[in-house]
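**Q** attaching a predicted model along with its sequence, questions to come.
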Amino acid sequence: MAEPAPPTGIRIGLSAVVIGLRLGEAVVLTTRAEDGSAALPFGPFDPARDRTFELALRAFVTAQTGFRPGYVEQLYTFGDLGRASPRATPGPERLREVSVGYLALTADAADTAAIVRPGGEARWQPVLDFFPWEDHRQGRPPALGPLDTALDAWVEADPRRRARVDALFAPQADQRWSDSRVLERYELLYEAGLVQEAARDADRERPALPSGAPMASDHRRILATGLGRLRSKLRYRPVLFDLVPPTFTLSDLQRGAEAITGITLHKQNFRRGVERTGLVSPTGRFSTGTGGRPAELFTRSAADPLDGQTLGLPLPALR
């Protein structure tokens, strides 16, 4: 059988991972691909028309969703052979699809008016719907039971596979879960054929496992990259403030950090750590919407924290 002809050119696209907080959960802005599956906002880069990648990204995200991104940073370039755009235009040319991924953060996800196009296909979806094994706020997630069993079958007697599974999924109580290794876990599940995209790409029957909602093309891989990047950044940059409104309670801040990391934080240690950083200032006002004792409202400090270094927030895990 003849090998397929190699690509004759490159088509560059841009993908946006837009993450916010809504009702105590981390959410991501999604659209719909041509086959109806969830997709990240995605658009082509026209080198003859678009001045920069970032300006092109901002323009098509707003055009597709009605949402105007605030903070953005480049994530990674995705160009594996065989990847396809969710909106590829059919034609005789054979083009290699390359996508430049961006991470965008917003404090507007809680506002339903953040999506200004009624009846459109854009919506906020819980990030952890795509990665149910990443939510450890209530202990080890139920999704990991069937996945652990399937991973054991994939490992068989291969010590290298066993070491990878143990390092990434921490199946034993004395093994450490690393919340930032989101992409590595997704890629291992893909390699093991345990996520729907792996079955789709290999034209096999989809596994009956709680392996999360699938996405078009390799967009779940791009989302995993964005979530992992954000979890890591929380520890060394105060990016959580890009996800909360201008005034917030310390409980709001903690719930936001827990929603992103998927872990439960020690309340008193978190509060003491936040106050020691100098990143927040009390406003002298109190929130009455907590349903109990009024909670003090804070804002991000205008002064340089500590010795002027930009610091992240402490994430003292409960366990």
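**A** Cool, the structure landed.
**Q** residue ranges of the helices in the stretch 1-150 of the chain, please?
**A** 53-65, 144-155 (DSSP state H, counting those that start in this stretch).
**Q** among these, which is the most enclosed?
**A** Of the helices of the stretch 1-150 of the chain, the one with the most neighbours on average (mean count of other CB atoms under 10 Å) is helix 53-65, at a mean of 18. To be clear about C-beta, it is placed using only N, CA and C from the backbone, and glycine gets the same treatment.
**Q** if we can go back for a sec, using TSV, lay out the helices of the stretch 1-150 of the chain together with mean pLDDT.
**A** As requested, the helices of the stretch 1-150 of the chain are exported to TSV (pLDDT from 0 to 100):
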stretch	mean pLDDT
helix 53-65	89
helix 144-155	96
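**Q** using JSON lines, lay out those helices together with distance to Arg229.
**A** Formatted as JSON lines, the helices of the stretch 1-150 of the chain follow (distance: least, CB to CB, whole Å):
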{"stretch": "helix 53-65", "distance to Arg229": "16"}
{"stretch": "helix 144-155", "distance to Arg229": "23"}
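**Q** closest one to Ala192 among those?
**A** Evaluated over the helices of the stretch 1-150 of the chain, closeness to Ala192 peaks at helix 144-155, with 4.3 Å, by CB to CB.
**Q** which element follows the closest one toward the C-terminus?
**A** Remark: after helix 144-155, the chain's next helix or strand is helix 159-169, criterion DSSP states H and E.
**Q** low-scoring stretches of the stretch 51-200 of the chain, by residue?
**A** Residues of the stretch 51-200 of the chain meeting the criterion pLDDT under 70: 80-94, 111-120.
**Q** ok, what's across the strand from the closest residue to Gln125 other than its chain neighbours?
**A** Nearest non-adjacent residue to Gln125, counting by CB to CB, 6 or more residues apart in numbering: Thr30, 5.1 Å away. Applying DSSP bridges to Thr30 yields these beta-bridge partners: Arg123.
**Q** can you tell me which residues contact Thr30?
**A** With contact set as CB atoms under 8 Å, 6 or more residues apart in numbering, Thr30 has these partners: 38-41, 122-125, 215.
**Q** from Gly226, how far out is it?
**A** Here Thr30 is placed at a distance of 12 Å from Gly226 (CB to CB, to the nearest Å).
**Q** check Arg237 too.
**A** 15 Å.
**Q** neighbour count: those two, which is higher?
**A** Neighbour totals were compared for Arg237 and Gly226, and Gly226 leads with 28 against 15 (other CB atoms under 10 Å).
**Q** thinking Asp179 is in contact with Thr264, fair?
**A** No: applying CB atoms under 8 Å as the test, Asp179 and Thr264 come out as separate, 11.3 Å apart.
**Q** what sits in contact with each of these two?
**A** Common neighbours of Asp179 and Thr264 (CB under 8 Å, 6+ apart) are His136.
**Q** neighbour count winner among those two?
**A** Each of Asp179 and Thr264 has its neighbours counted (other CB under 10 Å); Asp179 has more, 19 against 15.
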